[in-house]
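# need a 3D model of the following:
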Amino acid sequence: MSSFRLRAAGQSDGGFLGDMVVEAANWRPGSGRPKVQVLSDPENTRYLTGWKRPVDAGFIALDRSGDPIGAAWYRLMPRADSGFGYVGTGVPELIIGVRPIWRAHGVGRALLQALNDKARADGFARLSLSVERGNFAATLYRSEGFIVTQSGPGRDTMVKALR
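As a prediction, this is how the structure comes out:
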């Protein structure tokens, strides 16, 4: 039996998604930028502002007690306010964050697979993301079919074909 479960992310999950943006930004052990610093950066707020728009979708992972431990979600970004993983109009960019104590326990993979299935069901042909070089999550993304399509300073953009 799994020690966690997933549920769809709703309108009221915006605060927790903010916590997961902080986790994603602070992936490097010892890098802990303060939450207020991470969440005041427009590079990060674009993944949260106005959550949950009609085309936004995501999942929350919950531990046995029902406490949230991770999240993955996607948003369509306009070219004028594109994120690091932007590859084009009509390609949602995904964001994922997992509490450190839950990393390497299958939470990220389960969230990623659920989000891929949701995006496919919603008619999207591709999903994109951005990952900093050295981030162990890149191995997960590659194992789930994401490939590097663009390399920038210190980070790669990865895309998965959904059909």
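# now do the helices in this structure.
Using DSSP state H, the helices of the chain run over residues 14-25, 35-39, 42-45, 107-121, 137-143.
# of these, which is nearest residue 163?
Nearest of the helices of the chain to residue 163, taken as Cβ to Cβ: helix 107-121 at 6.5 Å. For every residue, glycine as well, the C-beta is placed using N, CA and C.
# what lies in contact with that closest one?
When contacts are defined by Cβ atoms under 8 Å, 6 or more residues apart in numbering, helix 107-121 is touched by residues 4, 6, 57-59, 61, 69-74, 92, 94, 96, 98, 127, 137, 140-141, 143-144, 160, 162-163.
# distance of the residue positioned nearest the centre of the chain relative to residue 30?
Nearest to the geometric centre of the chain sits residue 95, at 1.7 Å (Cα atoms, centre = their mean). Distance, residue 95 to residue 30, by Cβ to Cβ, to the nearest Å: 22 Å.
# ok so, going back, make TSV out of the helices of the chain and add distance to residue 65.
TSV is the format used below for these (distance: least, Cβ to Cβ, whole Å):
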stretch	distance to residue 65
helix 14-25	15
helix 35-39	23
helix 42-45	28
helix 107-121	15
helix 137-143	25
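# can you flag the weakest of these by average pLDDT?
With a mean of 88, helix 42-45 has the lowest mean pLDDT of the helices of the chain.
# buried set for that helix?
Buried residues in helix 42-45, counting neighbours by 16 or more other Cβ atoms under 10 Å, are found at residue 44.
# can I get it as PDB, trimmed to CA atoms?
Presented in PDB, the C-alpha positions along helix 42-45 are these (Å, rounded to 0.1, in the frame of the first residue of the first chain):
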ATOM      1  CA  PRO A  42       8.300  37.600 -11.000                       C
ATOM      2  CA  GLU A  43      10.100  34.600 -12.500                       C
ATOM      3  CA  ASN A  44       8.400  32.500  -9.900                       C
ATOM      4  CA  THR A  45       5.100  34.300  -9.400                       C
END
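# how far off centre is that helix?
Relative to its parent chain, helix 42-45 has a centroid offset of 13 Å by Cα atoms, centre = their mean, to the nearest Å.
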